[in-house]
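Sequence and computational prediction follow.
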Amino acid sequence: MIKNISNLGDAALYCDFGSEVNKEINSKVIRYFKSIQKENIDGINNLTPSYNKLIISFDLRKKNFQTIKKLIENLDITNDDELETNRIKIPVCCDENFSLDIKRLEEKLQITRDKIYEKFFRKEFFCYMTGFIAGMPFLGDLENELQAKRLETPRVKVPKGSVGLTEQFANVYTFESPGGWNIIGNTPQVIFDSTNENNPNLINPGDVVTFEQITKEQYYNYNE
């Protein structure tokens, strides 16, 4: 299932599952990620899954590259249960104050905002990975009709909670940060909770996410 395992610096392995970005390959990445977590292998101190790669960092005082490589190659995941999938619904307000790029998308995609929202809110998204900003989920796969390139000039500040689209993915900005995604709304839901040390991410790789449109009033009353 892993095409190649190689060194990444002195204390990490780079597991390559292929070059394509699709749910089948990503599910293999997530299966290894969760199986290694479950094994709780002494010496492994961090796992970083992406669309089609898995980086395994380890403590050189306890393990070396060859030892970890052999453990991963001999890891039996064929009898693992099906991946646990959490289904999460995220509220989104699309008031004009939050939908910063909806007009741009109408022009680029040549469809109305009502059609954009209709397609977006009826879609089930699969979480491929989290990252770039802590806890930010990369959610695929948008249908072709909603796929647009990033902004030509990224924003210096994208508001926390912004829901964005680019190419085949949707995401949620977990913190205010620079960014170039097409913003269509904002959620009052906390996606990343830094005070929760054991499980700070609301959305994790392998989860299924749907979005639910709410009013401006519901948005501002959400956390009361």
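Done, it's in.

quick one, phi psi at the residue lying farthest from the centre of the chain?
Distance from the C-alpha centroid of the chain peaks at Arg61, with 32.0 Å (Cα atoms, centre = their mean). Arg61 adopts backbone torsions of phi -70, psi -20, taken as degrees, to the nearest 10.

Please renumber the chain so that the first residue is 465 from this point on.
Yep, numbering from 465; the last one is Arg525 now.

Pull the contacting residues for it.
For Arg525, the contact set (Cβ atoms under 8 Å, 6 or more residues apart in numbering) is empty. For every residue, glycine as well, the C-beta is placed using N, CA and C.

now swap in Phe633 and tell me
Applying Cβ under 8 Å, 6+ apart, the residues near Phe633 are 592, 602-606.

run the last query once more with 7 Å
Residues near Phe633 by Cβ atoms under 7 Å, 6 or more residues apart in numbering: 602-604, 606.

again, but for Ala612
Applying Cβ under 7 Å, 6+ apart, the residues contacting Ala612 are 569, 572-573, 629-630, 646.

can you check Asn504 too?
With Cβ under 7 Å, 6+ apart, Asn504 has no contacts at all.

how close does the residue farthest from the centre of the chain get to Gly507?
Note on Arg525: its distance to Gly507, by Cβ to Cβ, to the nearest Å, is 8 Å.

Kindly report the same for Ser499.
In this structure, Ser499 and Gly507 are separated by 16 Å, where distance is defined by Cβ to Cβ.

Identify the spatial nearest neighbour of Val627, chain neighbours not counted.
Of all residues not flanking Val627 in the chain, Gly649 sits nearest, at 4.6 Å (Cβ to Cβ, 6 or more residues apart in numbering).

helix/strand/coil for the one you found?
strand (DSSP: H, G, I helix; E, B strand; the rest coil).
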